[in-house]
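Undergrad: sequence and computational prediction follow.
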Amino acid sequence: MKLLFLGDVMGRAGRVAVAERLAQLRDAWDLDFVVVNGENATSGAGLSPAHARDLLNAGADCLTLGDHAFDQKDMLSFIEQEPRILRPLNYAKGAPGKGARLFTARGGRKVLVAQVLGQVFMKRPFDDPFSAIEPVLKSHPLGGLAQAAIVDMHCEATSEKMAMGHFCNGRASLIVGTHTHVPTGDAQILPGGSAYLTDAGMCGDYDSVIGMEKAEPMRRFITGMPKSRFTPAMGEATLSGVYVETDDRTGRATRVRMIRQGGRLEQAEP
């Protein structure tokens, strides 16, 4: 199976990049299933129903969220109506929506997608992500109920993302980090056959501070005093993520490549 995961969509620039490029990539790379992290797609803070529809219409099969899952209050009800949107498994007890779901990809093959939030350096104490993902992986074994499985580990610390990669190794086709918006250079296939990337980066303007216009973040770092709200940078966005090929029989990864299309971080096709 040919899978594509795109990192955090950042504001309008990121949405435009997905809208303009994803359909072409689906055709050119013959993709079977696409996951997009959309938690910063609406003004850099959450995902609105309208922007969720835009990303799904652009070619995403599933949207994951993150710690800003419900910054846009309409998502509280919309996520119950739209099964293609996932919030983190360990977000909060009683949170609407689901944190994992089995999807049908091209040809009837099944893909498990799950998301968990890390605990290290996060602003609020979320439940343990390792105990949250364990029963999901146990109930959806690779090569059995699921031909492929993707785990989105949304957190700050690279060490926690790496630990999750090794924890899920051999039980997921891809473990990929999101949230920090900076693509890492460590795409690899772990010994157990799982593809891994510490951070998928963002779909946004990299002439910025993690997707935000530079002036206000720099002012706060230099002076310690805020003057205005953060606003997403509006220059040409880079589409960042990871491409994975898997064996349908085992669900294990056979190929993994970082993806950077357009903007300041353009690179060659996979």
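TA: Done, it's in.

Undergrad: how about low-confidence regions in the chain?
TA: 268-270 (pLDDT under 70).

Undergrad: could you rerun that using 90?
TA: For the chain, applying pLDDT under 90 flags the ranges 92-94, 121-125, 143, 145, 263-270.

Undergrad: find the residue at the geometric middle of it.
TA: The centroid of the chain falls nearest to residue 37 when counting by Cα atoms, centre = their mean (3.5 Å).

Undergrad: and for the nearest residue to residue 19 once chain neighbours are set aside, the neighbour number?
TA: Nearest residue to residue 19, sequence neighbours excluded (Cβ to Cβ, 6 or more residues apart in numbering): residue 58, at 4.6 Å. To be clear about C-beta, it is placed using only N, CA and C from the backbone, and glycine gets the same treatment. Per other Cβ atoms under 10 Å, the neighbour tally for residue 58 reads 20.

Undergrad: quick check: residue 160 is in a strand.
TA: No: Residue 160 is assigned helix when assessed by DSSP: H, G, I helix; E, B strand; the rest coil, not a strand.

Undergrad: other SSEs contacting the lengthiest helix in the chain?
TA: Criterion DSSP state H: the longest helix present in the chain is helix 11-28. If contacts are counted by 3 or more Cβ pairs under 8 Å, 6 or more residues apart in numbering; DSSP states H and E, helix 11-28 sits against strand 2-6, strand 8-9, strand 33-37, helix 49-58, strand 202-203, strand 239-246, strand 253-261.

Undergrad: re earlier: and the residue nearest to residue 19, what does it touch?
TA: Residue 58 is in contact with 18, 19, 22, 23, counting by Cβ atoms under 8 Å, 6 or more residues apart in numbering.

Undergrad: just the buried members of these?
TA: Neighbour counting by 16 or more other Cβ atoms under 10 Å classes 18, 22 among the contacts of residue 58 as buried.

Undergrad: okay if I get the contacts of residue 58 as JSON lines plus distance to residue 8?
TA: Output for the contacts of residue 58, formatted as JSON lines (distance: Cβ to Cβ, whole Å):
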{"residue": "18", "distance to residue 8": "11"}
{"residue": "19", "distance to residue 8": "16"}
{"residue": "22", "distance to residue 8": "15"}
{"residue": "23", "distance to residue 8": "20"}
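
Undergrad: list just the nearest of the contacts of residue 58 to residue 189.
TA: Distances from residue 189 to these, taken as Cβ to Cβ, are shortest for residue 22 (24.6 Å).

Undergrad: what residues are up against that closest one?
TA: Going by Cβ under 8 Å, 6+ apart, residue 22 touches 6, 34, 36, 58, 59, 60, 239.

Undergrad: pipe these into JSON lines and attach distance to residue 217 per row.
TA: As requested, the contacts of residue 22 are exported to JSON lines (distance: Cβ to Cβ, whole Å):
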{"residue": "6", "distance to residue 217": "23"}
{"residue": "34", "distance to residue 217": "30"}
{"residue": "36", "distance to residue 217": "25"}
{"residue": "58", "distance to residue 217": "28"}
{"residue": "59", "distance to residue 217": "31"}
{"residue": "60", "distance to residue 217": "28"}
{"residue": "239", "distance to residue 217": "23"}
